[in-house]
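Trainee: here is a sequence together with a model predicted from it:
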Amino acid sequence: MKRTITVALLAGFLLSQAGQTTPVTTLKLDSIPTHLLANVGTEKIMKVESDLANVETYSNSVKNEYEANLKKFVDIPSVSADPEHKADIKKMADAAVSLLKSMGAEARTYETKGNPIVVGEFKAAGDCPTVTIYNHLDVQPADPEDWKDPPFNMSIHDGVYKGRGTTDDKGPALAALYGAKYAHDHKVPINIRFLWELEEEIGSPNFENFLLNHKDEIPTNSVVVSDTIWVSRERPAIPYGLRGLQGVTVTLVTGAKDVHSGTTGGLARNPIGELCQLIDECYDAKTGHVKIPGFYDDVAKPSDDEVKHFLSSGFDLAHFSKAHELNSLRTNDPKEASQRIWAMPTFEVHGIVGGYSGAGIKTIVPHKAEAKLSMRLVPNQNPEKILKLFENFVKEKCPDAVVKPEGSLKPYLGEFTGPYNNAAKEAMKKAFGKEASFTREGGSIGAVVSMHDILKCPIVFLGLSLPEHGYHAVNENFDWQQANGGINMFVHYLAKISQVK
Ligand SMILES: [Zn+2]
């Protein structure tokens, strides 16, 4: 068998050996030193038409295609929280499978008790390691009335994409897909599997079971999660920890109907007022300090090294306030602020429902009120234990209030060293020209803890979203600058980790 050899793998390998950054073009087998061939293994030597340095040209060439596919995805209102969108979830899964197939990947859906999970794969030739890239294609609800542009009819203006799910998480999912496609077509020796969930926004209730049932079919050497937010556009972030969550609704019913506040007021109990008092007993709303006994007992404080990383991450209070359109904050000390969002637990009031909320006032004493609450949790807090503490506390302070547990997610703390994180840092630098910082993420991704426990391999967070993209907010958006850099970054990352022994 005659070999005409040009080598993508070797191109990457030689680049890393020589520490050079200039493009390597065609390498003839005869010109490759035999000691390098021995290192690589001849079965992994493959033919390529061009090398990885052309990825920038590639990403620009697929810009229109990327945008068209993103629009196709965003225009499907795959809202997992609303049962009315069940058909859209199915439509989303089908669209994802057909896109994967059209790009040359194998793809199928797995049914669960809830929404399906899409699994795709670019298979490499020979005995190669596997990386699993996790994204989700369900989205938060969006009320068109509150948006400047329609949330489910994606608009494209000068490389800015507006619509629900553009940044969380359909845009990053497609950037990863296009990066993977390039790596696959250029014979980077790695199997690339996609796990696209459709229940992330409701706490991944069936993801763990899916992994338990199918873990033997989807073995992997490492996982990439692309669903996180940078500190700012100037500073890529690679988070290594996530907060957990315990949601609760508390309902208090004090009568059968709303009654006249003149006739009954002073004697009738007021459930809205009592829930407000209960909330006040739970936490100090001005400082955020939680007053439930035992709440902070298990909190693992960040190490000095971590706090240093937080401070050097480019985290800036003025930028933070502007990106999130916040008028003022609980503290103006950057050190305390960064720990508050990344390493400390919270108690949050999302809404109080009850009474009269129309124009003016209506002089009634309400008969029922509901508080929607959650607590973000940090390592080593346990959602079950926190829920017990909360339930006992409510029983003591307001015995006839009913606590209903809502979503529950464990916190996650990984590493920020090792070959995969090093590869992530180098890939970010290559693609975006900027040094990435290792931070934690204040949000929660339940699937991460499941993947950590069941797939038992390193997990790296390669997010592309920015604070101003508006995760979960109105006018969510994404942009080509991040998508383009993301495609490049994924190519470099995949090439690098294909070499990890
Ligand atoms: Zn997300």
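Mentor: Okay, I see it.
Trainee: in the stretch 201-350 of the chain, which ranges drop under the pLDDT threshold?
Mentor: Across the stretch 201-350 of the chain, nothing is flagged by pLDDT under 70.
Trainee: need the contact list for the residue in it that the ion sits nearest to.
Mentor: Closest approach between the stretch 201-350 of the chain and the ion, counting by C-beta to the ion: D227, at 4.1 Å. C-betas here are computed from N, CA, C, even on glycine. Neighbouring residues of D227 by C-beta atoms under 8 Å, 6 or more residues apart in numbering: 134-136, 168-169, 172, 200, 445, 461, 463, 465.
Trainee: can you list the helices and strands that the helix or strand that contains G120 packs against?
Mentor: In the assignment (DSSP states H and E), G120 maps to strand 117-122. Here strand 117-122 touches helix 86-102, strand 106-110, helix 171-185, strand 191-197, going by 3 or more C-beta pairs under 8 Å, 6 or more residues apart in numbering; DSSP states H and E.
Trainee: related to what we said a few turns ago, look up how far P116 lies from the residue of the stretch 201-350 of the chain closest to the ion.
Mentor: D227 sits 18 Å away from P116, going by C-beta to C-beta, to the nearest Å.
Trainee: related to what we said a few turns ago, ok, which of the contacts of D227 also contact the ion?
Mentor: Restricting those to those near the ion by C-beta under 5 Å from the ion leaves 168-169.
Trainee: buried subset of the contacts of D227 as a PyMOL selection?
Mentor: Selection of buried members from the contacts of D227 for PyMOL, criterion 16 or more other C-beta atoms under 10 Å:
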select buried, resi 134+135+136+168+169+172+200+445+461+463+465
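Trainee: so which of the contacts of D227 belong to helices?
Mentor: P172 (DSSP state H).
Trainee: can I get the contacts of D227 in CSV with pLDDT and distance to K404?
Mentor: Below are these laid out as CSV (pLDDT from 0 to 100; distance: C-beta to C-beta, whole Å):
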residue, pLDDT, distance to K404
Y134, 98, 30
N135, 98, 30
H136, 98, 25
D168, 97, 26
D169, 97, 28
P172, 98, 33
E200, 95, 22
I445, 89, 23
F461, 96, 32
G463, 97, 32
S465, 96, 31
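Trainee: looking at the contacts of D227, spot the one nearest D216.
Mentor: Using C-beta to C-beta, Y134 comes nearest to D216 of those, at 18.2 Å.
Trainee: quick check: the closest one touching T220?
Mentor: No. When contacts are counted by C-beta atoms under 8 Å, Y134 is not listed as touching T220 (10.2 Å).
Trainee: between these two, which contacts overlap?
Mentor: By C-beta under 8 Å, 6+ apart, no residue touches both Y134 and T220.
Trainee: contact residues of this structure facing the ion?
Mentor: So far as C-beta under 5 Å from the ion goes, the chain lies against the ion at 168-169, 227.
Trainee: try 8 Å
Mentor: Within the chain, the positions adjacent to the ion are 136, 168-169, 200-201, 227, 443, 445, 471 by C-beta under 8 Å from the ion.
Trainee: now do the same end-to-end measure for stretch 245-259.
Mentor: 37 Å (C-alpha to C-alpha, to the nearest Å).
Trainee: any idea how far that stretch is from the chain center?
Mentor: Mean-position distance between stretch 245-259 and its chain equals 32 Å (C-alpha atoms, centre = their mean, to the nearest Å).
Trainee: list the buried residues in it.
Mentor: Buried residues in stretch 245-259, counting neighbours by 16+ other C-beta under 10 Å, are found at 245-252, 254, 258-259.
Trainee: okay, now the residue nearest to K301 when sequence neighbours are not counted: neighbour count?
Mentor: In this structure, K301 finds its nearest non-sequential neighbour in A343, 7.3 Å apart by C-beta to C-beta, 6 or more residues apart in numbering. When neighbours are defined as other C-beta atoms under 10 Å, A343 has 23 of them.
Trainee: can you pull the contacts of A343?
Mentor: So A343 contacts 241, 301-302, 306, 310, 378, 440 (C-beta under 8 Å, 6+ apart).
Trainee: reformat those residues as TSV; add secondary structure and neighbour count.
Mentor: Below are the contacts of A343 laid out as TSV (DSSP: H, G, I helix; E, B strand; the rest coil; neighbours: other C-beta atoms under 10 Å):
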residue	secondary structure	neighbour count
G241	strand	24
K301	coil	13
P302	coil	21
E306	helix	21
F310	helix	23
V378	coil	26
R440	strand	30
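Trainee: so the residue nearest to G203 when sequence neighbours are not counted, which state does it fall into?
Mentor: Leaving aside its chain neighbours, G203 sits nearest to G407 (3.6 Å; criterion: C-beta to C-beta, 6+ apart). Recorded secondary structure, G407: strand (DSSP: H, G, I helix; E, B strand; the rest coil).
Trainee: report the separation between V62 and E306.
Mentor: 38 Å.
Trainee: out of the contacts of D227, who's nearest F295?
Mentor: F295 has its nearest neighbour among these in I445, at 22.8 Å by C-beta to C-beta.
Trainee: that closest one and E200 touch, don't they?
Mentor: Yes. Between I445 and E200 there is a contact under C-beta under 8 Å: 6.8 Å.
Trainee: returning to that earlier point: so which of the contacts of D227 is the closest to P189?
Mentor: Each of the contacts of D227 was checked against P189 using C-beta to C-beta; the closest is Y134, at 21.5 Å.
Trainee: what's the closest one in contact with, if anything?
Mentor: Y134 makes contacts with 195-197, 223-227, 447-448, 451, as judged by C-beta under 8 Å, 6+ apart.
Trainee: which pair of those spans the longest distance?
Mentor: Spanning the widest gap among the contacts of Y134 are W196 and V448, at 14.9 Å by C-beta to C-beta.
Trainee: in PDB, list the C-alpha atoms belonging to stretch 164-184.
Mentor: Provided in PDB are the C-alpha atoms of stretch 164-184 (Å, rounded to 0.1, in the frame of the first residue of the first chain):
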ATOM      1  CA  ARG A 164     -34.300  33.500  23.200                       C
ATOM      2  CA  GLY A 165     -31.700  30.800  23.300                       C
ATOM      3  CA  THR A 166     -29.100  32.600  21.100                       C
ATOM      4  CA  THR A 167     -26.500  32.600  23.900                       C
ATOM      5  CA  ASP A 168     -28.100  30.100  26.300                       C
ATOM      6  CA  ASP A 169     -27.300  27.700  24.800                       C
ATOM      7  CA  LYS A 170     -28.000  27.300  21.000                       C
ATOM      8  CA  GLY A 171     -25.300  29.700  19.800                       C
ATOM      9  CA  PRO A 172     -22.500  28.000  21.700                       C
ATOM     10  CA  ALA A 173     -23.800  24.500  20.800                       C
ATOM     11  CA  LEU A 174     -23.500  25.400  17.100                       C
ATOM     12  CA  ALA A 175     -20.100  26.900  17.500                       C
ATOM     13  CA  ALA A 176     -18.900  23.700  19.100                       C
ATOM     14  CA  LEU A 177     -20.600  21.700  16.300                       C
ATOM     15  CA  TYR A 178     -18.900  23.700  13.500                       C
ATOM     16  CA  GLY A 179     -15.500  23.500  15.300                       C
ATOM     17  CA  ALA A 180     -15.900  19.800  15.700                       C
ATOM     18  CA  LYS A 181     -16.900  19.400  12.100                       C
ATOM     19  CA  TYR A 182     -13.700  21.000  11.000                       C
ATOM     20  CA  ALA A 183     -11.600  18.900  13.300                       C
ATOM     21  CA  HIS A 184     -13.300  15.800  12.100                       C
END
